[in-house]
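Undergrad: Pasting the sequence and the predicted model now:
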Amino acid sequence: MTASFPKNLPAIHGIRSIADIGASRKRHYTYLKTFRATFKGKLYAIKPGAEPIPEFPDVPVYARVTDVPAGEPVDFAFIEVPREQVAGVIRDCARKGVKLAAIFSSGFADAGTDEGRQLQAELARVIEEEGNDLHVIGPNGMGLYYPRLGIRWRPSLPTAHGGAGIVAQSGGLCNLLIHGLNAAGMPVSTALSIGNAMDITALDALEYFKDDPETDVVVAYLEGIPNGSGKAFMRILGECRKPVILVKGGRTSSGSKAARSHTAAIVGNFAAWQAAARQAGAILVETFEDVIDVARYVTCYGKARAKSACMLTLSGGYGVICSDALASHGVAMPDFSRNESLKESLRQQLVSIGTSVGNPVDVGAFIYEVDKLEAIARTVLADTSVDVLIFEIAPLYVAAGIRPDVHLETALPAMLERVKGRVPKPIVVITEDIGYDDVKADISARLRGMGIPVFDDISHVARTFNYVNASR
């Protein structure tokens, strides 16, 4: 059996029934319990003896998935049996007509032993020769997270459904990405924890997300891709019109060693990955925090250029720090002193002593004059030398309440939304982590709702811009 990408993954949208194969009291029926809590379809438990489970009297129990009545299809199978039993379970799934399964069981090639590799090779043969168009996520992976239908592998995972698609060769990191993106206001559409990627690979996942109408941005944590698939990998990335954020595990010798013991991945040369990402337009980042930060930006603006910035700051000293950080990541701060028309326009607005006409623009004296701030922001963004505006909203100024007639927590976000609507260039906000947690959370939530990304520190902004610029 041969199959082209993406190997039955579009069937995820239509899952109406799940069989938990290997549901076990020893594991406290964890996965069965999780599916039952939120899955919006029919659930079956498959376990030897087929004794009813008192904790779940409404869940039918069968000894084998082939025992499920012929008129009741099984759309998705979650397999948690011992590794020696997996091949037999796959044969049963194929006979039942299951089209998509996830193998949670580990101890295959990931074990690093001849026995584990042989078991995985046999499993691959069974799928290829006897699979009846069945395709498999894993082994050694968490499988499928699809919150729109309530499909989760942990009870703590969010139920919100959004536009971020994830493929990861690590179940633990996949959990972090789901939680991190959700906490940052970017819930997930689908997550695939593919483990050893024996059948469904990262390429299948990327092909699926490329055309998935529910996915707007793609996050991929990869330790390796199948031998000989480099051209297909490049083609899929090149065809994807959505931002793809790529984290490559195993960039160093230590990381490569860890990756081989984690998923038995063929890691490859990191320089080749860098060149491939640059050529295909993927955004190659290094850390978990980088993923969240870059996702904040591209979710709002795609891969909009950010090679030159203007900053409106409330503190001259903070503006100096920000200028250094941006410059160290290749982001220019245009010198407004040499731009006579822009300088004159700003001078008409900046009439207070102690206010800078340079870049960064020190607007601390005008924090309560929101109309003036709006005029300044529109002026600098309209200039061709500026790609992006960075606006500092220090929570302490908002909390101070010096002018009771001006409510900065609503006035500043509303002002930036108006500017964003009139000047089609990116705007990002920094609101420092200096306490005032309630104020900070309120402002951040308002801005996120307006499609304006919020960062804690200039270092995160500078790294984000650098990553995005490198992908263009």
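TA: Structure's in. What do you need? Source: prediction; values computed, not measured.

Undergrad: any chance you could map the strands in the stretch 351-472 of the chain?
TA: Assigned by DSSP state E, counting those that start in this stretch, the strands in the stretch 351-472 of the chain fall at 361-362, 388-392, 427-430, 454-455.

Undergrad: For the third one, which strands pair with it and how are they oriented?
TA: Going back to what we said before, that points to strand 427-430. strand 388-392 (parallel), strand 454-455 (parallel) (DSSP bridges).

Undergrad: what are the phi and psi values for the residue lying closest to Gly249 once chain neighbours are set aside?
TA: The shortest distance from Gly249 to any residue other than its chain neighbours is 4.2 Å, reached at Glu223 (Cβ to Cβ, 6 or more residues apart in numbering). C-beta here means a position set from N, CA and C on the backbone, and glycine is covered the same way. The phi/psi pair for Glu223 (degrees, to the nearest 10) reads phi -100, psi -20.

Undergrad: and Glu223, how many residues sit next to it?
TA: 25 (other Cβ atoms under 10 Å).

Undergrad: any idea how far it is from Trp273?
TA: Look at Glu223 and Trp273: by Cβ to Cβ, to the nearest Å, they are 11 Å apart.

Undergrad: ok, now Gly281?
TA: 14 Å.

Undergrad: quick one: which of the two has more around it?
TA: Trp273 (21 against 15).

Undergrad: Using the three-state scheme, assign the more buried one.
TA: Classification of Trp273 by DSSP: H, G, I helix; E, B strand; the rest coil places it in helix.

Undergrad: Pull the contacting residues for the nearest residue to it once chain neighbours are set aside.
TA: Excluding the flanking residues, the one nearest Trp273 by Cβ to Cβ, 6+ apart is Lys248, at 5.0 Å. Shown in contact with Lys248 (Cβ atoms under 8 Å, 6 or more residues apart in numbering): 222-223, 270, 273, 284.

Undergrad: Could you do Phe5 as well?
TA: Phe5 neighbours (Cβ under 8 Å, 6+ apart): 203-204, 207-208, 232, 236.

Undergrad: go again using 7 Å as the cut-off
TA: 203-204, 207 (Cβ atoms under 7 Å, 6 or more residues apart in numbering).

Undergrad: same question, Ile12
TA: Contacts of Ile12 (Cβ under 7 Å, 6+ apart): 144, 146, 190.

Undergrad: Swap in 6 Å and give it another go.
TA: The contact partners of Ile12, taken as Cβ atoms under 6 Å, 6 or more residues apart in numbering, are Tyr146.

Undergrad: now do the one 10 residues further on
TA: Gly22 makes contact with 80-81 under the criterion Cβ under 6 Å, 6+ apart.

Undergrad: if you set the cut-off to 7 Å instead, what comes out?
TA: 46-47, 79-81.

Undergrad: out of these, what pair is the most spread apart?
TA: Lys47 and Ile79 (12.1 Å; Cβ to Cβ).

Undergrad: Who has more neighbours out of those two?
TA: Comparing Lys47 with Ile79 by other Cβ under 10 Å, the one with more neighbours is Ile79, at 25 against 20.

Undergrad: Check that one and give its pLDDT.
TA: We have a pLDDT of 98 for Ile79.

Undergrad: Is Leu181 in contact with Asn175, as I believe?
TA: No. Counting by Cβ atoms under 7 Å, Leu181 does not reach Asn175; the two are 11.2 Å apart.

Undergrad: Sketch out the low-pLDDT regions of the protein for me.
TA: The chain contains residues with pLDDT under 70 at 1-4, 251-268, 351-357.

Undergrad: longest helix in it, by residue count?
TA: Identified as the longest helix of the chain according to DSSP state H is helix 114-130.

Undergrad: Show me the contact partners of that one.
TA: Applying Cβ under 7 Å, 6+ apart, the contact partners of helix 114-130 are 1, 83, 86-87, 90-91, 94, 107-110, 134, 136, 196, 198-199.

Undergrad: out of those, who's nearest Arg347?
TA: Minimum separation from Arg347 among the contacts of helix 114-130 (Cβ to Cβ) is found for Asn196, which lies at 63.5 Å.

Undergrad: Measure how buried that closest one is and give me the count.
TA: Neighbours around Asn196, by other Cβ under 10 Å: 23.

Undergrad: nearest residue to it other than its sequence neighbours?
TA: Asn140 is the one closest to Asn196 (Cβ to Cβ, 6+ apart), at 4.9 Å.

Undergrad: got a list of what the one you found touches?
TA: 106, 108, 110, 195-196, 263.

Undergrad: in which helix or strand would I find it?
TA: Assigned by DSSP states H and E, Asn140 belongs to no helix or strand.

Undergrad: ok, it to Lys40 distance?
TA: 28 Å.

Undergrad: Show me the residue at the heart of this structure, geometrically.
TA: With distances taken as Cα atoms, centre = their mean, Val219 lies nearest the centre of the chain, 4.3 Å away.

Undergrad: and the helix or strand hosting that residue, which strands flank it?
TA: Per DSSP H and E: Val219 is located in strand 217-222. Strand 217-222 pairs in its sheet with strand 164-168 (parallel), strand 244-248 (parallel), by DSSP bridges.

Undergrad: closest one to Ser444 among the ones you listed?
TA: Judging the strands paired with strand 217-222 by Cβ to Cβ, what sits closest to Ser444 is strand 164-168, at 17.8 Å.

Undergrad: Following element in sequence after the closest one, please.
TA: Assigned by DSSP H and E, the successor of strand 164-168 is helix 171-183.

Undergrad: Sort out which residues of that following helix are buried, please.
TA: 171, 173-175, 177-178, 180-182 (16 or more other Cβ atoms under 10 Å).

Undergrad: and the very next helix or strand once past that helix, how far from the chain's centre?
TA: Next along the chain after helix 171-183, taking DSSP H and E as the criterion, comes strand 188-193. Centroid separation for strand 188-193 versus its chain: 9 Å, with Cα atoms, centre = their mean, to the nearest Å.

Undergrad: related to what we said a few turns ago, which two in the contacts of Lys248 are spaced the farthest apart?
TA: Glu223 and Leu284 (14.1 Å).

Undergrad: Now do the helices in the stretch 201-350 of the chain.
TA: Listed in chain order, the helices found in the stretch 201-350 of the chain under DSSP state H, counting those that start in this stretch are 202-211, 230-239, 253-263, 270-280, 288-301, 316-328, 340-349.

Undergrad: between the first one and strand 188-193, how big is the angle?
TA: Read it as helix 202-211. The directions of helix 202-211 and strand 188-193 differ by 170 degrees, with axes from the mean of the first three to the mean of the last three Cα atoms, to 10 degrees as the criterion.

Undergrad: residues making contact with helix 202-211?
TA: Residues contacting helix 202-211 (Cβ under 7 Å, 6+ apart): 5-7, 9-10, 165, 167, 192, 194, 215, 218, 220, 222, 225, 229, 232-233, 236-237, 239-240, 242.
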